[in-house]
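K.L.:
Pasting the sequence and the predicted model now:
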Amino acid sequence: MTVIYKSIDGKLNDPVLLEGILRLHQSIFGESAFLEEQMKEKKKLRIEIALQENEILGYKMGYELKEGTFYSWLGG
């Protein structure tokens, strides 16, 4: 099985990917109620996603903390 990597800069407009991230986040951290809203608030959000057969295996998010500084925020 092949792992596919996707990079997303800015808002995540794909509802299937968003739902997969929220589901994985819930399984790892026990909650995901506020994650989507927090993602919308982040300046210059970047998301790295690992997929296998349309299932999200993992993700990593970060955003611009201040000009010239990228903050590695959340992953699972």
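P.N.:
Done, it's in. Numbering: from 1, shown residues only.

K.L.:
list the contacts for the nearest residue to residue 26 once chain neighbours are set aside?
P.N.:
Spatial nearest neighbour of residue 26, excluding adjacent residues (C-beta to C-beta, 6 or more residues apart in numbering): residue 32 at 4.2 Å. In short, each C-beta sits where N, CA and C put it, glycine included. Residue 32 sits next to 22, 23, 25, 26 when contact means C-beta atoms under 8 Å, 6 or more residues apart in numbering.

K.L.:
Touching the longest helix seen in the chain from outside, list them.
P.N.:
With DSSP state H setting the assignment, residue counts place helix 15-29 as the longest helix in the chain. Helix 15-29 is contacted by residues 6, 8, 12, 31-32, 35-36, 47, 49, 54-56, 58-59, 76 when judged by C-beta under 8 Å, 6+ apart.

K.L.:
so after that helix, what's the next helix or strand?
P.N.:
Scanning the chain past helix 15-29 towards its C-terminal end, the next helix or strand to appear is helix 35-41 (assignment: DSSP states H and E).

K.L.:
Measure how buried residue 35 is and give me the count.
P.N.:
Neighbour count of residue 35, defined by other C-beta atoms under 10 Å: 17.

K.L.:
ok, back up a step: ok, of the contacts of residue 32, which one's closest to residue 63?
P.N.:
Distance from residue 63 was checked for each of those by C-beta to C-beta. The minimum falls on residue 25, at 16.0 Å.

K.L.:
okay, the nearest residue to the closest one once chain neighbours are set aside: pLDDT?
P.N.:
Sequence neighbours aside, residue 32 is the residue nearest to residue 25 in space, at 4.4 Å (criterion: C-beta to C-beta, 6+ apart). What the model reports for residue 32 is a pLDDT of 86.

K.L.:
now swap in residue 52 and tell me
P.N.:
At residue 52, the model reports a pLDDT of 95.

K.L.:
what does the least confident helix or strand in the chain by mean pLDDT rub up against?
P.N.:
Comparing every helix and strand of the chain by mean pLDDT, DSSP states H and E singles out helix 35-41 as the least confident one, with a mean of 90. Contacts to helix 35-41, defined as C-beta under 8 Å, 6+ apart, come from residues 11, 12, 18, 21, 22, 25, 45, 61.
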